[in-house]
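Peer 1: Pasted the sequence and its predicted model underneath.
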Amino acid sequence: MAAPIVVHKPSPSGGRRVTVRGEILGLAHDDRDVIEFLRRAGLPDAWDLLDDPHWIEWRGGHAHQWDAA
(Lines give C-alpha, C1' and ligand atoms only; values in the text may rest on other atoms or scores of the structure.)
Protein backbone atom coordinates (compact mmCIF):
# COMPACT_ATOMS: atom_id res chain seq x y z
CA MET A 1 0.00 0.00 0.00
CA ALA A 2 1.30 3.46 -0.92
CA ALA A 3 2.00 6.05 1.76
CA PRO A 4 -0.96 8.44 2.14
CA ILE A 5 1.27 11.52 2.46
CA VAL A 6 3.58 12.58 -0.37
CA VAL A 7 6.25 15.25 -0.23
CA HIS A 8 6.90 15.92 -3.92
CA LYS A 9 10.17 16.84 -5.64
CA PRO A 10 11.67 20.25 -4.88
CA SER A 11 10.37 22.99 -7.16
CA PRO A 12 12.87 25.09 -9.14
CA SER A 13 12.05 28.08 -6.91
CA GLY A 14 12.39 26.05 -3.70
CA GLY A 15 9.90 24.25 -1.51
CA ARG A 16 8.01 21.02 -2.03
CA ARG A 17 4.32 20.38 -2.59
CA VAL A 18 2.69 18.23 0.10
CA THR A 19 -0.35 16.08 -0.65
CA VAL A 20 -2.49 13.70 1.38
CA ARG A 21 -4.28 11.10 -0.73
CA GLY A 22 -3.96 13.40 -3.74
CA GLU A 23 -5.27 16.54 -2.00
CA ILE A 24 -2.77 19.42 -2.03
CA LEU A 25 -2.08 20.78 1.45
CA GLY A 26 0.43 23.42 0.42
CA LEU A 27 4.03 24.20 -0.47
CA ALA A 28 6.46 23.38 2.33
CA HIS A 29 9.83 25.06 2.68
CA ASP A 30 10.99 23.05 5.68
CA ASP A 31 9.94 20.23 8.00
CA ARG A 32 7.99 22.64 10.21
CA ASP A 33 5.72 23.50 7.27
CA VAL A 34 5.00 19.80 6.66
CA ILE A 35 4.21 19.35 10.36
CA GLU A 36 1.83 22.32 10.32
CA PHE A 37 0.02 21.05 7.20
CA LEU A 38 -0.41 17.63 8.80
CA ARG A 39 -1.54 19.14 12.10
CA ARG A 40 -4.23 21.08 10.24
CA ALA A 41 -5.22 17.83 8.50
CA GLY A 42 -5.80 16.19 11.89
CA LEU A 43 -2.45 14.51 12.60
CA PRO A 44 -1.17 16.19 15.81
CA ASP A 45 1.78 13.78 16.26
CA ALA A 46 3.17 14.35 12.77
CA TRP A 47 6.81 14.76 13.93
CA ASP A 48 6.82 11.01 14.53
CA LEU A 49 5.70 10.36 10.94
CA LEU A 50 8.32 12.33 8.97
CA ASP A 51 10.68 9.39 8.54
CA ASP A 52 8.09 6.61 8.50
CA PRO A 53 7.76 5.26 4.91
CA HIS A 54 4.34 3.80 5.76
CA TRP A 55 3.06 7.36 6.22
CA ILE A 56 5.24 9.66 4.10
CA GLU A 57 6.83 9.17 0.70
CA TRP A 58 9.56 11.66 -0.23
CA ARG A 59 9.58 11.88 -4.04
CA GLY A 60 12.19 13.28 -6.39
CA GLY A 61 14.81 14.14 -3.83
CA HIS A 62 16.18 13.24 -0.46
CA ALA A 63 14.01 13.48 2.63
CA HIS A 64 14.27 16.86 4.34
CA GLN A 65 15.90 18.45 1.23
CA TRP A 66 14.08 21.67 0.38
CA ASP A 67 16.05 23.38 -2.40
CA ALA A 68 16.07 22.26 -6.02
CA ALA A 69 19.28 20.44 -6.92
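Peer 2: It's in.
Peer 1: quick one: Ala3 and Ala63 touch, right?
Peer 2: No - assessed by C-beta atoms under 8 Å, Ala3 is found out of contact with Ala63, at 11.9 Å. All C-beta spots, glycine's among them, are computed from the backbone N, C-alpha and C.
Peer 1: Looking at those two, which has the bigger crowd around it?
Peer 2: More neighbours surround Ala3 than the other of Ala3 and Ala63, with 17 against 12 (other C-beta atoms under 10 Å).
Peer 1: Distance of that one relative to Trp55?
Peer 2: Distance from Ala3 to Trp55, counting by C-beta to C-beta, to the nearest Å: 6 Å.
Peer 1: and if you look at Val7?
Peer 2: For Val7, the distance to Trp55 - C-beta to C-beta - is 11 Å.
Peer 1: what about the two, which has more around it?
Peer 2: Using other C-beta under 10 Å as the criterion, Val7 and Trp55 rank with Val7 on top: 26 against 16.
Peer 1: Is that one in a helix, a strand, or coil?
Peer 2: strand (DSSP: H, G, I helix; E, B strand; the rest coil).
Peer 1: contacting residues around the closest residue to Trp47 other than its chain neighbours?
Peer 2: Spatial nearest neighbour of Trp47, chain neighbours left out: Ile35 (6.0 Å); criterion: C-beta to C-beta, 6 or more residues apart in numbering. Each residue near Ile35 by C-beta atoms under 8 Å, 6 or more residues apart in numbering is listed here: Ala46, Trp47, Leu50.
Peer 1: Please produce a ChimeraX select command covering the buried subset of those.
Peer 2: For the buried members of those, the matching ChimeraX selection, counting by 16 or more other C-beta atoms under 10 Å, is:
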select :46,50
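Peer 1: Could you pull out the strands in the protein for me?
Peer 2: Assigned strands in the chain, in chain order: 5-10, 16-20, 23-28, 56-58 (criterion: DSSP state E).
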